[in-house]
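Chemist: turn this into a structure:
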Amino acid sequence: MRKFIVLVTLCYTTATLVVLGFVSNWLRDSLLFEGSVIVPTLVFSIPIVLVVAVMAYRRENEWLTVALLAIVLGSGWYVAKTHHDAYGEWLPSLAAAEVETSGTAKLNTHGQDLFYRLELYNPGTITHREYLVVTRDSTEQRIRIPIFDDARSGYVSAKAPNDWIVLHPTADASVYRAEIGRFLFVQKSFQVNLQTRTVKTIATKPSG
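Modeler: Below is the predicted model of the structure:
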């Protein structure tokens, strides 16, 4: 029984960590709860599974083993169903994402050079994601920005970075205003804090 408990626990923990890594782009993106609908369940399920597994292992209790198996199967089913309801797929796709980039722009502000670009992941699909990639002091940051509201949003490939995005400095060296370019057909502006990796919508106008 103990071997079964260890096997189930290791398989579930490993699978959960792999999914969390995939969702967070292998820790290159901030793993916030709002980043994916399955993140809260995955995060909270790990300590619960570990606690029940330790109790079942020590006591060799059949009912605790059944409870452990029920938690593993139940959380796995819930995660798959929740992801399917939200994105139309049972689990995050392991297929290589289609990525389009704006090209890199340079901004000299606050006595330093800052390089940035916008990346569109799987544009035009239900799994679309948009990232602002900023490099300063040889450090790259990837921050998700909610540009497109749904998969039907269209775009034109960028000929220059400002076709998609323009960063404007503020008095704070870590805070910038990101203005979305005309080739994305979305009239939005965001306040981006590079230190806290937070994004706030500050202007939205209907397209057309």
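Chemist: strands of the protein, start to end?
Modeler: For the chain, the strands defined by DSSP state E occupy 99-101, 105-109, 112-121, 129-136, 139-144, 165-169, 175-180, 187-193, 198-205.
Chemist: mean pLDDT for the ones you listed: which is lowest?
Modeler: Across the strands of the chain, strand 198-205 has the smallest mean pLDDT, namely a mean of 83.
Chemist: give me the distance from it to the chain's centre.
Modeler: 18 Å (CA atoms, centre = their mean, to the nearest Å).
Chemist: repeat for stretch 114-128
Modeler: 12 Å.
Chemist: may I see the buried residues of it?
Modeler: For stretch 114-128, the buried set under the neighbour-count rule, 16 or more other CB atoms under 10 Å, comprises 114, 116, 117, 118, 119, 120, 121, 122, 123, 127, 128. Using the backbone N, CA and C atoms, a C-beta is placed for each residue, glycine as well.
Chemist: wait, the first one sits on residue 107?
Modeler: Right, residue 114. Yes. In this structure, residue 114 is within contact of residue 107 by CB atoms under 8 Å, at 4.6 Å.
Chemist: looking at this structure, which helix or strand is least sure?
Modeler: Using mean pLDDT, DSSP states H and E, the weakest-scoring helix or strand in the chain turns out to be strand 198-205, at a mean of 83.
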